[in-house]
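>>> generate a structure from the sequence data that follows.
(one chain, ligands or ions: 1)
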Amino acid sequence: MSESGQAIFDRRIESEQKVEPKDWMPADYRKNLIRQMSQHAHSEVIGMQPEGNWISRAPTLKRKMVLLAKVQDEGGHGLYLYSATETLNATRDEMNEALHSGKAKYASIFNYPALSWADVGAIGWLVDGAAIVNQISLQSTSYGPYSRAMIRICKEESFHQRQGYEMMIVLANGTKEQKAMAQDALNRIWWPSLMMFGPHDSDSAHSGRSMQWKIKRRTNDELRQSFVDQTVPQIEFLGLEMPDPEIKWNEERGHYDFGEIDWDEFKRVISGDGPCNRDRIRHHKKAHDDGQWVRDALVAYQTKKSAASAA
Ligand code: FAQ
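Sure, this is the predicted structure:
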């Protein structure tokens, strides 16, 4: 008797082999992957908006070139991830519809405004920094196309993090006003960055199954702790004040302690009521509608080409 699809799938997961698009997989594994991967793709694309607003106001040509390239990279990450999700039989139209209707989420951090030029530095340093901590672990996720997209994305994300930190070094060592801008950006962006890792493990609806299926490789709280541990020495190096008075080295745990996230704020923001949720979706819908002629032209060209080759 031949082995069942389930048995082959279980063995693949157990032995760290990748699951590929044509392999049999449990319906819930596919559904959970579509949820996480499409939300990840939406985060990359919606995430272009806060920094994108600053491209025309970058203070020098060099900063403008770097920011332009960085924002374009994020759009590219969205495309790799949408393509990887399409291998699971989810269409771009379905994914966009879920984003526009509010059914699909995207990272809560992008519902906060980028108020000053220092925010652009802090986003690169903290938001890309938090994204990398998570994405490094996702390089070994069990679904092949997702894992391969992550390997490529991480390479680009590390450049993003470094350009942001370099901006913060310049500001923190600049005039009194520049240092104050850097501090203000750190204070505002710190907590939303910690929220990027999601609820505590005890409140995380999907972690159990996702860890079992090796879609996720480290839990929300483990990843958040790694981010805090790597970032606190960077704050010290900048000579900035800690954004949380409870940050303190814990000798016994071998980690930094830190304060509690405002979970009410987190819930409000992920359910559509953050400072910029409505603007972000309105902007995305407009860009999508404005691009309709390009999609129409592609279909018209394809139809014409098929008709010509059939004749
Ligand atoms: N924001 O059961 P869990 C980037 C939702 S990329 C919004 O713990 P899970 C690059 C969650 O979806 C950043 N929603 O969920 C860049 C679920 O709701 P659902 C994006 C959140 O999936 C930088 C519910 O709460 N990275 O930044 C958030 O096991 C700069 C229950 O939560 C990824 O997407 C949140 N923060 O763990 C771009 C990485 N947290 O779906 C531009 C891949 C939780 O049932 C500029 N994703 N929720 O309606 C993951 O690793 C996971 O999906 C987590 C959440 C860790 C985000």
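>>> contact partners for the closest residue to the ligand within the chain?
Going by Cβ to the nearest ligand atom, the ligand is nearest to residue 47 of the chain, at 2.6 Å. Heads up, the C-betas are built off the backbone N, CA and C, glycines and all. Under the criterion of Cβ atoms under 8 Å, 6 or more residues apart in numbering, the neighbours of residue 47 are 74, 106, 107, 109, 110, 127.
>>> quick one, what contacts residue 153?
Counted by Cβ under 8 Å, 6+ apart, residue 153 has contacts 77, 80, 81, 135.
>>> and the two most separated of those?
Spatially, the most separated pair among these is 80 and 135, at 11.7 Å (Cβ to Cβ).
>>> near the ligand, from the contacts of residue 47?
Under the cut-off given by Cβ under 6 Å from any ligand atom, the ligand has 74, 107, 127 from these close to it.
>>> next structured bit after the lengthiest helix in the chain?
As assigned by DSSP state H, the longest helix anywhere in the chain is helix 144-172. Remark: after helix 144-172, the chain's next helix or strand is helix 176-195, criterion DSSP states H and E.
>>> before we move on, the earlier item: in the longest helix of the chain, what counts as buried?
144-147, 149-150, 153, 156-157, 160-161, 163-165, 167-169, 171-172 (16 or more other Cβ atoms under 10 Å).
>>> next, the angle from it to helix 176-195.
With axes from the mean of the first three to the mean of the last three Cα atoms, to 10 degrees applied, the angle from helix 144-172 to helix 176-195 works out at 160 degrees.
>>> would helix 144-172 count as contacting the ligand?
No - counting by Cβ under 6 Å from any ligand atom, the ligand is not contacted by helix 144-172; separation bottoms out at 6.6 Å.
>>> state the mean pLDDT of that helix.
Averaging pLDDT along helix 144-172 gives 96.
>>> quick one, grab the pLDDT at the residue of the chain closest to the ligand.
At residue 47, the pLDDT recorded in the model is 98.
>>> which bits of the stretch 51-200 of the chain sit near the ligand?
Within reach of the ligand by Cβ under 6 Å from any ligand atom, the stretch 51-200 of the chain has these residues: 74, 105, 107-108, 123, 127-128, 131, 134, 195-199.
>>> which two in those residues are spaced the farthest apart?
In terms of Cβ to Cβ, these reach their longest pairwise distance at 74 and 199, which sit 24.7 Å apart.
>>> quick one: which of these two has more around it?
More neighbours surround residue 74 than the other of residue 74 and residue 199, with 23 against 17 (other Cβ atoms under 10 Å).
>>> show me what counts as buried in whichever strand or helix holds the more buried one.
Element membership of residue 74 [criterion: DSSP H and E] is helix 61-86. Neighbour counts over helix 61-86 (16+ other Cβ under 10 Å) mark 63, 66-67, 70-71, 73-74, 77-78, 80-82, 84-86 as buried.
>>> show me the strands in the protein, by range?
248-250, 255-257 (DSSP state E).
>>> I'd like to know the average pLDDT value across the first one.
Going back to what we said before, that points to strand 248-250. On average, strand 248-250 scores 98.
>>> off-centre distance for stretch 204-215?
Taking Cα atoms, centre = their mean, to the nearest Å, one finds the center of stretch 204-215 at 18 Å from the center of the full chain.
>>> save the strands of the chain as a markdown table, and put in mean neighbour count and distance to the ligand too.
What follows is those, written out as a markdown table (neighbours: other Cβ atoms under 10 Å; distance: least, Cβ to the nearest ligand atom, whole Å):
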| stretch | mean neighbour count | distance to the ligand |
| --- | --- | --- |
| strand 248-250 | 11 | 24 |
| strand 255-257 | 15 | 19 |
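>>> in a markdown table: the ones you listed, plus distance to residue 241.
Shown next, in a markdown table, are the strands of the chain (distance: least, Cβ to Cβ, whole Å):
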| stretch | distance to residue 241 |
| --- | --- |
| strand 248-250 | 14 |
| strand 255-257 | 15 |
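>>> sounds good, over and out.
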